[in-house]
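> Give me a 3D structure for the following:
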Amino acid sequence: MQDASDTLSAPDLKRALQNQALALGFTHFGVADVAVEADAAHLTHWIAAGRHGTMAWMARNHEKRTAPDALVPGTLRVISVGLDYGRDPDAAWANLRDTERAYVARYALGRDYHKLMRNRLQKLAEWLTDAVGPMGYRVFVDSAPVLERALARNAGLGWIGKHTCLIDHEGGSWFFLGELFVDVPLPIDPPATAHCGTCVRCIDVCPTQAIIAPWILDARKCISYLTIEHEGAIPEEFREAIGNRIFGCDDCQLVCPWNKFAQRTDEPDFRVRNNLDTATLEDLFRWTEAEFLARTEGSAIRRTGFSRWRRNIAVALGNANSSETVLSALTAAKEDPDDIVREHVHWALGQHARRNA
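Prediction:
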C-alpha cells in the first residue's frame, strides 16, 4: 500500500473521501478503529441467554464478528456510511390503524437497499485506491459477521438507542448502514454520545414487549423476527399483538422523538413498489407464488419466502375487522396445501368466530 502522505495529508484525504461519499449519495460518513470489546461482551451475554432465537448465524463466526481485523486481516479502519430512507410517520400510523390494510416495515417498501449500497461503497473504495495506491479493503452491507451499529457509533454516525437501533441527533434512525474495511490509517472520528435520556417511549410502545430492558431486545418476541426470520408457526401468544404487520415492525422508531428530524430521501430505488403502502391484506393474500416471486424481485420481502408471507397475512387477517372480504379470503384458504399457512388460517377464522359469537 502506498502511504497516503505521498499524495494528500491524512486529514485532507479523509475530507476528500467524505466529500466523495456524499457525492455518491450517502448521507452519513465516519471513520472508526477496530476496537469493539464492550459490544462483543454484550453480544456474548445476549446469545448465551438465547435471545437470538433461531438465528443461528448470530452465534457463528463469533471471533470474526467481534474483531474486524480478524474478519479481514490487516484492517486498520472501518469507514461507516449511512443512507436515509425516511418516511412520513403520520402515513405509517394511519396504515397501522386500518386493520384491513397490510403494514410493511418502511425500509422494505421499495427495492432492497443492499445492492445499491454495495455498488456505491465499491465506487468509494475505488476512489480511495486511486488516491492512495493499491490497498486492502472489503465492502460489507449485511453480508458478513459485522457489529455494524457499534462500528457506526464509534465512527460518530449516531448512538445506539434503547430500542437497539442507531440514532443520529440530526436525522433520527431512518437510515441504512454499510461498511468499508480498509488498511489505510485514516484519522478516526470521535464516537457518538447517547442522548436518549430518561425517554422510554420505544420500550412502552412495543406491541410484544420485546425490549425487555434498555438496550436489550429479545428477538424471540420481536415482530420483525417473528414475521421475517422465524420459520414455522408463530407462537399464539404473539399473534394478536402482531396486528396487521406482515413484514417487520417500526413502532419503536415511529415513537422516537429524534425521528422528527429524519431526512426525507427521494432515492428512486426506495420509492414504494406494488402499492405496498396502501395494499389491503386481501389483495396481497391473493398473490400466487409466481406472482409473489415476480413482485418481490429485488425486494427485501423476498427473504420471507411465499409460505411465511401467507402465514403472516393469515395472522393479520385474523386480527382484521370481520368484513365479508376478510372472511371470504380466509375461507378460500381453509384447505391451503401448506400446513403452516393452513394452521394460521384456521386460527384466524377462530378469532373471528369468537369475536362474532
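> Checking G30 next. Helix, strand or coil?
strand (DSSP: H, G, I helix; E, B strand; the rest coil).
> quick one: contacts for R245?
L96, Y103, A105, P207, I223, T227, N312, A316 (CB atoms under 8 Å, 6 or more residues apart in numbering). For every residue, glycine as well, the C-beta is placed using N, CA and C.
> for T66, that is, sorry about that
For T66, counting by CB under 8 Å, 6+ apart, the contacting residues are V36, E37, D39, A40, L43, T44, L147.
> rewinding a little: mind checking which of the contacts of R245 land in helices?
L96, I223, N312, A316 (DSSP state H).
> The third one and G248 touch, don't they?
No. Contact status for N312 versus G248: not in contact, 9.9 Å apart, counting by CB atoms under 8 Å.
> Now the common contact residues for those two.
Between them, N312 and G248 share the contacting residues T227, judged by CB under 8 Å, 6+ apart.
> more neighbours, the two?
Neighbours were counted for N312 and for G248 using other CB atoms under 10 Å; N312 has more, 28 against 22.
> Please tell me how far that one sits from L166.
26 Å (CB to CB, to the nearest Å).
> now I234
28 Å.
> And for D269?
Counting by CB to CB - D269 and L166 are separated by 21 Å.
> between the two, who's got more neighbours?
L166 (22 against 15).
> Give me the number of neighbouring residues for the closest residue to the more buried one other than its chain neighbours.
The shortest distance from L166 to any non-neighbouring residue, by CB to CB, 6 or more residues apart in numbering, is to G158 (4.4 Å). Number of residues near G158 (other CB under 10 Å) recorded here: 29.
> G158 contacts E170, correct?
No. Using CB under 8 Å as the test, G158 is too far from E170 to be in contact (9.0 Å).
> residues in contact with Q263?
T27, D84, G86, G171, G172, W174, F175 are the contacts of Q263 under CB under 8 Å, 6+ apart.
> give me the element it is part of.
Under the criterion of DSSP states H and E, Q263 resides outside all helices and strands.
> State the phi and psi torsions of it.
phi -80, psi 140 (degrees, to the nearest 10).
> Need the pLDDT of it.
Note on Q263: pLDDT of 72.
> coming back round to it: pLDDT, secondary structure and neighbour count added to the contacts of T66, as CSV?
Compiled in CSV, the contacts of T66 are given as follows (pLDDT from 0 to 100; DSSP: H, G, I helix; E, B strand; the rest coil; neighbours: other CB atoms under 10 Å):
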residue, pLDDT, secondary structure, neighbour count
V36, 93, coil, 23
E37, 89, helix, 10
D39, 93, helix, 18
A40, 90, helix, 16
L43, 92, helix, 19
T44, 92, helix, 13
L147, 95, coil, 20
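> and the longest helix along the chain, how far out from the chain's middle?
In the chain, assigned by DSSP H, the helix with the most residues is helix 113-132. Offset of helix 113-132 from its chain centre (CA atoms, centre = their mean, to the nearest Å): 21 Å.
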